[in-house]
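**Student:** Next come a sequence and a model predicted from it.
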Amino acid sequence: MKNLVILITCFIATYCISQNNGGLLQEKNNFTHQDTLRGSITPEREWWDLTYYHLDIKVNPEKKTITGKNTITYKVLKPYQVLQIDLQEPLTLTKVTQNEKELEIKHDGNAHFVTLKKQQNIGEINSVVAYYEGKPREAVRAPWDGGISWKKDNNGKHFIASSCQGLGASVWWPNKDHMYDEVDSMDISITIPKNLMNVSNGRLKSIVNNKDETITTHWHVANPINNYGVNINIGDYANFSEVYKGEKGNLDMNYYVLKDNLEKAKKHFKDAPKMIKAFEHWFGPYPFYEDSFKLVEVPYLGMEHQSSVTYGNRYMKGYLGSDLSGSGWGLKFDFIIIHEAGHEWFANNITNVDIADMWIHESFTAYSESLFLDYYYGTKASADYVIGTRRNIKNDKPLIGYYNVNKEGSGDMYYKGANMLHTIRQLVNNDEKWRQILRTLNSKFYHQTVTTQQIEDFIIQESGLDLKGFFNQYLRSTKIPELQYSIDGKKLTYKWNNTVKNFVIPIQIEVNGVSQWITPTSKNKTLKLKTKNAKIVIDRDFFIETKNI
């Protein structure tokens, strides 16, 4: 369990707030019965709290099949006799047992309702074993349209990996597939052909040679982990490692790459310890010392699997060799190493309760890219980068998605979200205070699931700023605030346009090269100038639009 107390309070609405005619409007979308079963805390989910998984499976690369079982251990929170297990078609949940007795299963698409024979008493720790088999969904465009990627390396050897954010971990293994409840610890046992290696989350405990030309790798995860963060990575891997002396002591850093790429990786992966150093400075200690840090080569671009970050950026700087900001600074680091590892703090340490709040994962992590630059190249480089990423913003829909139906908000959660956070940094106007806000955020919500409201309230409290209208503007509408101004002799007139109700923030401007703060509202305000026709420069660090009228 991470933070089960939240439960129903954040899931009353199945609406997304969006912009309409200058205000905020709740608009309903069309979702299916399966969307609700997948995305809501159903009665068959809420009565039990995850404590432990043991995923024990055999992967057959030639047939592209998985067979095996998951032992699901839980604590009873209130009496109930039906338990929901999620497993997506075309995989088949063949049976579920408790105390070695087979149980009745009612199948409803990808949700499976298991009737328990044993009386479920509050406080008890019980287990069920879910057996399954079949051909899991093959990834179409991993990691965005995920599943299992069944590929081969340049030497013709199998190269296989899972990726399932959004789609859900139940695409390849049976589990309680909702973000609100994270398992406390986990064992992962993967049986594969003996000429290959499997890398999963946590620490490698043993490799067992079986009699049938297979091996079984046993991994243990000591920390809470979200379902989509669990992964398998199977290939002809070479391994190298180092020890980083971090804020909590020695951090084991392991790297698994295709054997042909070993020497290349030893040079290129130097961004990994640099990342840890920068992010421990900004966000606090790496959250999973007990489970180590791993970077694992995969046949797709990459993903933030907890303590087992996957990498497929082809050993290039930037994003597959390009700079997403257009500033030049994006080519100073490997985008996948920095971004995906940044998720260890935002996504894996602090995890959204509902995927509708996925901006918490992506906005902070996209912002972490500029903070990495800030640490090594300074504040101007950081600003150049994050401001440059504004060119990727579409303003198509709000950053917050639809609750209870497994639906995230706009892809703008990356760079609109990053620029929103960059703007808050300006409003705080004290970089050390801002750093402590980010660090305290990670310590207060350490290994927890959170809601948007919790993050908003925390930043408001720690900053001392009234940001309610600000968050409504950037998270729940598609409007970008527009500062309208005009100069008439020695008078500057200014106001906000295109804003939501109660949007009032100060901004910095320069008047003839001298910096000062102004606080626009939706009504015209004036500022007396010392000279006629003064030169006005609006601080670029604020994510706003300007119009000289």
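**Tutor:** Yep, it's here.

**Student:** Which residue ranges of the stretch 51-200 of the chain form strands?
**Tutor:** Taking DSSP state E, counting those that start in this stretch as the criterion, the stretch 51-200 of the chain carries its strands at 65-76, 82-86, 92-98, 101-102, 104-108, 111-115, 125-134, 147-152, 158-163, 185-193, 197-199.

**Student:** can you check the stretch 351-500 of the chain too?
**Tutor:** Secondary structure of the stretch 351-500 of the chain (DSSP E, counting those that start in this stretch): strands located at 448-450, 482-488, 491-497.

**Student:** Could you measure from residue 239 over to residue 438?
**Tutor:** Using CB to CB, to the nearest Å, residue 239 is found at 33 Å from residue 438. For glycine as for every other residue, the C-beta is placed from the backbone atoms N, C-alpha and C.

**Student:** higher neighbour count, these two?
**Tutor:** Higher neighbour count among residue 239 and residue 438: residue 438, with 23 against 15, using other CB atoms under 10 Å.

**Student:** Run through who's touching the strand or helix carrying residue 296.
**Tutor:** Assessed by DSSP states H and E, residue 296 sits inside strand 293-297. Applying CB atoms under 8 Å, 6 or more residues apart in numbering, the contact partners of strand 293-297 are 199, 233, 235, 237, 244, 251-258, 261, 265, 269, 272, 276, 286, 305, 307-312, 337, 341, 344.

**Student:** now it, how far from the centre of its chain.
**Tutor:** Mean-position distance between strand 293-297 and its chain equals 17 Å (CA atoms, centre = their mean, to the nearest Å).

**Student:** who does the following helix or strand past it pair up with?
**Tutor:** Next helix or strand after strand 293-297 toward the C-terminus (DSSP H and E): strand 302-303. Here strand 302-303 is paired, per DSSP bridges, with strand 309-311 (antiparallel).

**Student:** Can I get the strands of the stretch 351-500 of the chain in a markdown table including mean pLDDT, distance to residue 191 and mean neighbour count?
**Tutor:** Formatted as a markdown table, these follow (pLDDT from 0 to 100; distance: least, CB to CB, whole Å; neighbours: other CB atoms under 10 Å):
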| stretch | mean pLDDT | distance to residue 191 | mean neighbour count |
| --- | --- | --- | --- |
| strand 448-450 | 98 | 32 | 22 |
| strand 482-488 | 97 | 60 | 17 |
| strand 491-497 | 97 | 61 | 18 |
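
**Student:** can you put these in a markdown table and add distance to residue 52?
**Tutor:** Output for the strands of the stretch 351-500 of the chain, formatted as a markdown table (distance: least, CB to CB, whole Å):
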| stretch | distance to residue 52 |
| --- | --- |
| strand 448-450 | 17 |
| strand 482-488 | 53 |
| strand 491-497 | 52 |
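
**Student:** which stretch among these comes nearest residue 189?
**Tutor:** Closest approach to residue 189 among those (CB to CB): strand 448-450, 26.3 Å.

**Student:** so how far is residue 293 from residue 218?
**Tutor:** From residue 218 to residue 293 the distance is 19 Å (CB to CB).

**Student:** Which parts of this protein are helices?
**Tutor:** In the chain, the helices defined using DSSP state H lie at 33-39, 43-46, 262-268, 271-283, 335-342, 359-377, 379-388, 415-428, 431-444, 452-463, 468-476.
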